[in-house]
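[1] 3D, please:
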Amino acid sequence: MREKMKIGIICTSFHKEEMESMLHYATEQSISNGFEISLIKWIPGVMEIPLTINRMITENNLEGIVTLGIIEEGETQHGVVMGQAVISSIINLQLKYNIPIGLGIIGPGAKKEHIKPRIEPHSRAAVNAITKMKN
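    So this is what the prediction gives:
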């Protein structure tokens, strides 16, 4: 019997209540998909996700990573620019290490009323992306 695939989950600290819900759904989906969650890392915000991914891959024996975060709409384009930079970095890390990274980031540009309905589907989809890309 094959060992369970070892994954890590990254959670951002902004929107703590929503992030705890996202972690709950991601954990539930991970168990359902037969994964072992080896590491859960809480970080300040979305901007810290790429560095955290890099460290998790190089310091741990992980076969996949789930990223969870929220980039809310702001008064400027800061969130959009940040979101583009972070997603670009995530793609580059995925290609560099050949490890699936599930993107569970709501936004950029998410309005407050859009966050709650997206919590469960984004969390589960991030885990399911790893499932589909693991081989």
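[2] what is the burial count for the nearest residue to residue 3 once chain neighbours are set aside?
    Of all residues not flanking residue 3 in the chain, residue 36 sits nearest, at 7.8 Å (C-beta to C-beta, 6 or more residues apart in numbering). Glycine gets a C-beta too; all of them are placed from N, C-alpha and C. By the criterion of other C-beta atoms under 10 Å, residue 36 has 13 neighbours.
[3] next helix or strand past the helix or strand where residue 36 lies?
    Using DSSP states H and E, residue 36 falls within strand 35-43. As assigned by DSSP H and E, the chain's next helix or strand after strand 35-43 is helix 49-59.
[4] can you pull the contacts of the residue nearest to residue 3?
    Neighbour list for residue 36: 3-7 [criterion: C-beta atoms under 8 Å, 6 or more residues apart in numbering].
[5] cool, and residue 65?
    Contacts of residue 65 by C-beta under 8 Å, 6+ apart are 7-10, 53, 56-57, 99-102, 130.
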